[in-house]
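K.L.:
pasting the structure only:
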C-alpha cells in the first residue's frame, strides 16, 4: 500500500498507481534509493564514473529545489508482485527539466515492460494535469515532451523502444562529450495528445 505524501508544487497529483507499479513524487526520504540507482554502473554504462553519495545527494537537492517544474516520481513494484508492503525504489521517471522527460531503472527489472508502463502513467498524469503543457514553460515548449537516449549495444537502443511505445518519434542525433568521451544521443519528441 502506498504511503501518503504531502502535496506540493512538485507533487501535482500525489501517488499514481498502475496495474503493477506505484509512482510517488520524489522526496528527500528517497535519497538511499536514488543513490542506489545513480551509483549503478550498469545503468550509467556510458559514463566513466557513477555518482558518489555526495553527488547523488546534490542531484536530489537540486531537483527538489529547482525553480522550474520538476515532476520526478519514484517507481516501486506493487506489493503483490514482491510479497511485502515495504518496496524498494526500482526506478525513477519524470520531468527533470521540462519539457524533457527521463527515466532510469534497476537492471534487475529490465525487459519486463515496467519502463513503458511507468512512462505512460506519468505522461497520462502530465497531460491530464496540464492539457496545454506546464504553465511555467515558454509557450513554444508547452505542446510537446522531449527525451534523449544514448545508443547502446552497438547501436541498439532499448530506451528508444520504450519511447516509441509511448508515442515518441526520433527527430535527430547529436554527438556530445560526456566525461571526456564522445557519446551519440538520440533526440525524441512526443506531441501533446489531441483533445477529443
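P.N.:
Yep, it's here. Because the structure is a prediction, the values reported are computed rather than measured. Numbers count the residues shown, from 1 in each chain.
K.L.:
which residues in this structure form strands?
P.N.:
Listed in chain order, the strands of the chain (DSSP state E) span 16-17, 21-25, 71-77, 89-97, 100-105, 144-150, 169-178, 181-191.
K.L.:
What strands flank the longest one, and is each parallel or antiparallel?
P.N.:
What that stands for is strand 181-191. In the sheet containing strand 181-191, its partner strands are strand 144-150 (antiparallel), strand 169-178 (antiparallel), by DSSP bridges.
K.L.:
now do the third one
P.N.:
Listed by DSSP bridges, the sheet partners of strand 71-77 and their directions read strand 21-25 (antiparallel), strand 89-97 (antiparallel).
K.L.:
With mean neighbour count, distance to residue 28 and mean pLDDT added, can I get the strands paired with strand 181-191 in JSON lines?
P.N.:
Placement of C-beta: from N, CA and C, glycine included. Compiled in JSON lines, these are given as follows (neighbours: other CB atoms under 10 Å; distance: least, CB to CB, whole Å; pLDDT from 0 to 100):
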{"stretch": "strand 144-150", "mean neighbour count": "19", "distance to residue 28": "26", "mean pLDDT": "92"}
{"stretch": "strand 169-178", "mean neighbour count": "10", "distance to residue 28": "28", "mean pLDDT": "89"}
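K.L.:
Between these, which one is closest to residue 131.
P.N.:
Of all the strands paired with strand 181-191, it is strand 144-150 that lies closest to residue 131, at 13.1 Å by CB to CB.
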